[in-house]
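# Return atomic coordinates for the entry below.
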Amino acid sequence: MELALNISGLNKSIGKKQILNDVNMQVDFGEAMGLIGANGAGKSSLLKCIARLWHGDTGKITVCEKDVKKNFKAAMQYSGFLIEYPKMYGELTAIQNLKYISSYCNMKISDTDIENKLNLVGLNKSKEKKINTYSSGMYQRACIASLLMRNPKLLILDEPTAMLDPKSIVELRNILNSIKKNYNVSMLISSHNLHEVERMFLANRYISIFTFLLLLLQSRSLFLTF
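Okay, here's the model as predicted:
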């Protein structure tokens, strides 16, 4: 069976400190998985290895059956990453930012399609406003719109609700659930809060990541103490 994401035997060290130890996990097509762990547990490190921002010491990662090490460009065509705090040009409007990104990345996407992506994240009435006038929630949605320009099969989101107010969290939840349902996009969503992922994103499964340990949770009734 084809997988949206497959990680096997991933190890990563920085100096003498081992950050990831023998990580093995899979995300099925159309599945939303929560990656749960305390701050410093290695969540962002894992996502950076998937995106090849960091190189694992050993192990294999495939995105939609494409090896990210051997066939990086093909693997990235199927995926979109929101890791840490992404940057957009504040003096440009949302639609100008997306047009710039599409040109820089040599994407073949029409202006109409770009506007449709902004509509999808609820920014149709704000697309001509400069990014530096956006709230944190609107900024986050503009970043997600930029990821959707590739029509990805897999979205990887690192703490997407960080710094968002309750209203913005609900708006983002609704948008992500709509994307997952209507476009069959797989998602891997990291958070330090199991309840947040369960409530906000309706994840199908949860992974708890401790320092040096990856544990698959088989039941939503399992309580964790970090």
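
# Need the mean per-residue confidence for the strand or helix carrying Met33.
Using DSSP states H and E, Met33 falls within strand 32-36. Averaged over strand 32-36, pLDDT sits at 83.

# just checking, what packs against the following helix or strand past it?
The helix or strand immediately downstream of strand 32-36 is helix 43-50, counting by DSSP H and E. Judged by 3 or more CB pairs under 8 Å, 6 or more residues apart in numbering; DSSP states H and E, helix 43-50 is in contact with strand 5-14, strand 17-27, strand 32-36, strand 58-63, strand 154-158, strand 186-191. Backbone N, C-alpha and C define where each C-beta goes, glycine included.

# Dump those into CSV; add distance to Ile175 and mean neighbour count as well.
Below are the helices and strands packed on helix 43-50 laid out as CSV (distance: least, CB to CB, whole Å; neighbours: other CB atoms under 10 Å):
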stretch, distance to Ile175, mean neighbour count
strand 5-14, 21, 17
strand 17-27, 20, 18
strand 32-36, 13, 25
strand 58-63, 22, 19
strand 154-158, 11, 24
strand 186-191, 12, 25
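
# Those: which one's closest to Ala75?
When these are compared by CB to CB, strand 58-63 sits nearest Ala75, at 4.2 Å.

# Now tell me what touches that closest one from outside.
Applying CB atoms under 8 Å, 6 or more residues apart in numbering, the set of residues contacting strand 58-63 from outside is 3-11, 22-23, 49-50, 67-69, 75-76, 78-79, 154.

# Which SSE is immediately downstream of that strand?
Counting by DSSP H and E, what follows strand 58-63 is strand 66-67.

# how is the chain carved up into domains?
Using automatic domain parsing, the domain parsing of the chain gives 1-78+153-168+178-192, 88-151.

# In terms of mean pLDDT, which of those ranks lowest?
domain 1-78+153-168+178-192 has the lowest average pLDDT among the domains of the chain, namely a mean of 89.

# which helix is the longest one in this structure?
Criterion DSSP state H: the longest helix present in the chain is helix 166-183.

# Many thanks, we can stop here.
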